[in-house]
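In: This is a predicted model, with the sequence first.
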Amino acid sequence: MEVGWSDQIQFQTPPAGGSDELKFLVYGDMGKAPLDPSTEHYIQPGSLSVVKAMVGEVGNGNVDSIFHIGDISYATGFLVEWDYFLQLISPLASRVSYMTAIGNHER
């Protein structure tokens with residue numbers, strides 16, 4: 001990598017309408033956790049294993065799109081909690097379309 005440039009990523013859009021198959025993941029209520037050993041209140045350590053499994057599926061070409069159906073990060077008023085979540089989903093949302101829906105915690 002050259003200094004001043006980010007790593008190159010490849011983003012794939014879902015197949016065109018009328019295609020034979022659309023492969024997608026649907027989930028909700030995942031939460032977030034820091035990727036390093038820092039601590040913060042109200043984290044969901046299980047989110048790390050969920051993302052790891054989804055990254056594997058995306059990396060193997062088994063996923064065209066991801067639908068996150070609410071209760072997105074459980075951010076409880078602290079901006080750093082959104083940072084944890086966005087860093088957590090970055091390997092997914094930078095590769096395939098990542099759509100969200102509102103849950104009761106976002107209301």
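Out: Ah, there it is. Numbering: from 1, shown residues only.
In: ok, now which ones touch residue 43?
Out: Contacts for residue 43 (C-beta atoms under 8 Å, 6 or more residues apart in numbering) come out as 31-34, 84. Glycine gets a C-beta too; all of them are placed from N, C-alpha and C.
In: can you do 10 Å?
Out: Residue 43 sits next to 31-34, 74, 81, 84 when contact means C-beta atoms under 10 Å, 6 or more residues apart in numbering.
In: who touches residue 22 in this structure?
Out: 14-15, 63-65.
In: hang on, it in a helix?
Out: No - membership of residue 22 in a helix is not supported by DSSP: H, G, I helix; E, B strand; the rest coil, which gives coil.
In: Which residues are in contact with residue 15?
Out: By C-beta under 10 Å, 6+ apart, the contact list for residue 15 reads 21-23, 64-65.
In: hmm, I was thinking of residue 31
Out: For residue 31, the contacting residues are 42-48, 50, 71-75, 81, 84-85, 88, 105, by C-beta under 10 Å, 6+ apart.
In: Quick check: PyMOL command selecting the buried ones in the residues you listed.
Out: Only the buried entries of these go into this PyMOL selection, using 16 or more other C-beta atoms under 10 Å:
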select buried, resi 43+44+47+48+50+71+72+73+74+75+81+84+85+88
